[in-house]
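no sequence on hand, only this structure:
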């Protein structure tokens, strides 16, 4: 695993973790769901809404890209 692939994985993990915790709290506070359905729903929503990071090897070298539901297209990260 290259350095950028590791960075993409860590960014993906951090983004999902933050969104999962936020959605879990919101679902617990504002819906009637109980038990197993709270974390399951937070997992699904966090997976759909979360940004996707990927390290890609190009002719200019390896680069890190991000795709997100709320921005148009693919954005190059650092």
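Done, it's in. As the structure is a prediction and not an experimental result, all values here were calculated from the model.

distance of the most centrally placed residue in the chain from residue 42?
Nearest to the mean C-alpha position of the chain, by Cα atoms, centre = their mean, lies residue 50 at 3.4 Å. Distance of residue 50 to residue 42, computed by Cβ to Cβ, to the nearest Å: 11 Å. Any C-beta I mention is one placed from the backbone N, CA and C, and that applies to glycine too.

distance check, residue 35 against residue 27.
In terms of Cβ to Cβ, residue 35 sits 12 Å off from residue 27.

which one's more surrounded, these two?
A count of neighbours by other Cβ atoms under 10 Å puts residue 27 above the other of residue 35 and residue 27, at 18 against 7.

quickly find the element holding that one.
helix 3-30 (DSSP states H and E).

so which bits of that helix are buried?
Neighbour counts over helix 3-30 (16 or more other Cβ atoms under 10 Å) mark 4, 5, 8, 11, 12, 15, 16, 19, 20, 23, 24, 27 as buried.

please apply the same query to stretch 45-58.
45, 46, 50, 51, 53, 54, 55.

mind listing what residue 41 touches?
23, 27, 31, 33 (Cβ atoms under 8 Å, 6 or more residues apart in numbering).

report the rounded mean pLDDT for whichever strand or helix holds it.
Per DSSP H and E: residue 41 is located in helix 37-49. Helix 37-49 carries an average pLDDT of 97.

quick one: residue 62 and residue 4 touch, right?
Yes - under the criterion of Cβ atoms under 8 Å, residue 62 makes contact with residue 4 at 5.0 Å.

quick check: neighbours shared by the two?
residue 55.

my guess is the residue nearest to the centre of the chain contacts residue 17, does it?
No - applying Cβ under 8 Å, one finds residue 50 not in contact with residue 17, separated by 9.5 Å.
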